[in-house]
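Q: model this:
(chains A, B, C and D)
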2 protein chains.
Amino acid sequence: MPRPALISREQILDATLAVADEEGLAAVTMRRVAARVGVTAMSLYHHVRDKDDLLDGLVERLLAELVLPEPGLSGEERLHGLAISLRQAAARHPDAFSLLLRRPVATEAALAVREVVYAALRDAGVPDDLVPRTERLISTFVIGFAASEVGGRFAAHDEAVRDADFEWAWRHLSGRLSALTPEPAGAQA
Amino acid sequence: MPRPALISREQILDATLAVADEEGLAAVTMRRVAARVGVTAMSLYHHVRDKDDLLDGLVERLLAELVLPEPGLSGEERLHGLAISLRQAAARHPDAFSLLLRRPVATEAALAVREVVYAALRDAGVPDDLVPRTERLISTFVIGFAASEVGGRFAAHDEAVRDADFEWAWRHLSGRLSALTPEPAGAQA
DNA sequence: ACCTGAACACCGTTCAAGT
DNA sequence: ACCTGAACACCGTTCAAGT
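A: The predicted structure is shown next:
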């Protein structure tokens, strides 16, 4: 006889993110997450396939927190807004964020974010055939920077320096989007 | 009575890297590494402080594999050589490489590499006061790119595409080193 | 359909004991 | 000084049993 579910996948992911934030990614265990939702570890297997699926769910959650920029803004403004939003998500969830670099962008949420970036790059003047490649360049830098920050690679610098660093680098990277060429800029001179 | 050591820290790190390469970072356990050098897990604690120290040792090993560029080359050529070398190290040790983004650059080897980059940037024409910041920009991109490749974030693209991507991005990033300004390039026009 | 207890094959680390 | 066995407090996951 069917029995009403006591817990849901959403509740499980809430608990997982909370554990990751409060005690680090290493503390994310099936047993600990289960305890947090008030259930035994084995019960989780009715809602997530295995621990890997649980971690994929964490990535979904992170991407869901990104604030998609207002369509009225310029392409460059939308790109900048997304980048800021990603750094903020990293700051809120430092340990979980490292998962972004360890898992392929295959989820629906990840693909949606990528489409937003594509559109913004086109509006910013990037030639169509360079859009995907430029997206990879920009996202690699932004995710790499955010991961470095929260991972401790920039531990010697406080937040103000990192903020200034990021904005400086961002403007150097984004300031010439409309001048991007298939061949390097220097090769044309 | 003192007893000659059966194993050394170097042997332990050799075994750790081998396990990481063959079976992944998740398979790097004190017990498994110990078994590989022919000893019990507890014996490792006489040569490494704990598992974290073991992982720090892995990072040392990775950095030790970097081919430092010949001093005779130009600043830009030396930077390019280092970047290539880093991508190759990542390809050789895909799982272990992700540790580079999760641990601060505090070891002697890491600081040495940074100094090489500083010198190359100065020779490439970067103004002195922008050198550290530019190093963070470049290393973030290169490490982020290499980590994305081996971590599977670019899994949809094969090696030839990734190679072309990297060289294209690299030339766009490095081609204007001597034109870097404290304020964004666009703000000066 | 959902949840559970018991079990299996693992972990990192401490400690007392051996040489 | 170095290595070990036993032990402690954990893991992820399977399986049979309960409702």
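Q: From now on I want contacts and neighbour counts done on CA atoms only, so please keep to that.
A: Fine.
Q: DNA strand C versus residue A:4, what's the distance?
A: Look at residue A:4 and DNA strand C: by CA to the nearest atom of the strand, to the nearest Å, they are 5 Å apart.
Q: my bad, residue A:140
A: For residue A:140, the distance to DNA strand C - CA to the nearest atom of the strand - is 31 Å.
Q: Report all helices and strands that the one helix or strand in chain A whose mean pLDDT sits lowest contacts.
A: Least confident helix or strand, chain A: helix A:99-102 with a mean of 86, by mean pLDDT, DSSP states H and E. When contacts are defined as 3 or more CA pairs under 8 Å, 6 or more residues apart in numbering or on different chains; DSSP states H and E, helix A:99-102 packs onto helix A:51-64, helix B:131-151.
Q: Wait, residue A:137 touches residue B:169, no?
A: Yes: counting by CA atoms under 8 Å, residue A:137 touches residue B:169, with 6.5 Å between them.
Q: List of residues touching the helix or strand hosting residue A:20?
A: Following DSSP states H and E, the helix or strand that holds residue A:20 is helix A:9-23. Helix A:9-23 is contacted by residues A:25-28, A:32-34, A:36-37, A:44, A:47-48, A:54, A:57-58, A:61, A:92-96 when judged by CA atoms under 8 Å, 6 or more residues apart in numbering or on different chains.
Q: and with 6 Å instead?
A: For helix A:9-23, the external contacting residues (CA atoms under 6 Å, 6 or more residues apart in numbering or on different chains) are A:28, A:33, A:47, A:93.
Q: what's the answer for stretch A:80-98, then?
A: With contacts defined as CA under 6 Å, 6+ apart, stretch A:80-98 is touched by A:21, A:24-25, A:66, A:146-147, A:150.
Q: Among the residues you listed, name the buried ones.
A: Neighbour counting by 16 or more other CA atoms under 10 Å in any protein chain shown classes A:21, A:25, A:66, A:146-147, A:150 among those as buried.
Q: Skip the chain neighbours and tell me the closest residue to the residue in chain A that DNA strand D sits nearest to.
A: Nearest residue of chain A to DNA strand D: residue A:29, at 2.9 Å (CA to the nearest atom of the strand). Spatial nearest neighbour of residue A:29, excluding adjacent residues (CA to CA, 6 or more residues apart in numbering or on different chains): residue A:51 at 7.9 Å.
Q: repeat for residue A:110
A: residue A:63 (6.7 Å).
Q: does DNA strand C sit close to the helix holding residue A:20?
A: No: figure legend: helix A:9-23 not in contact with DNA strand C (CA under 7 Å from any atom of the strand); closest approach 9.2 Å.
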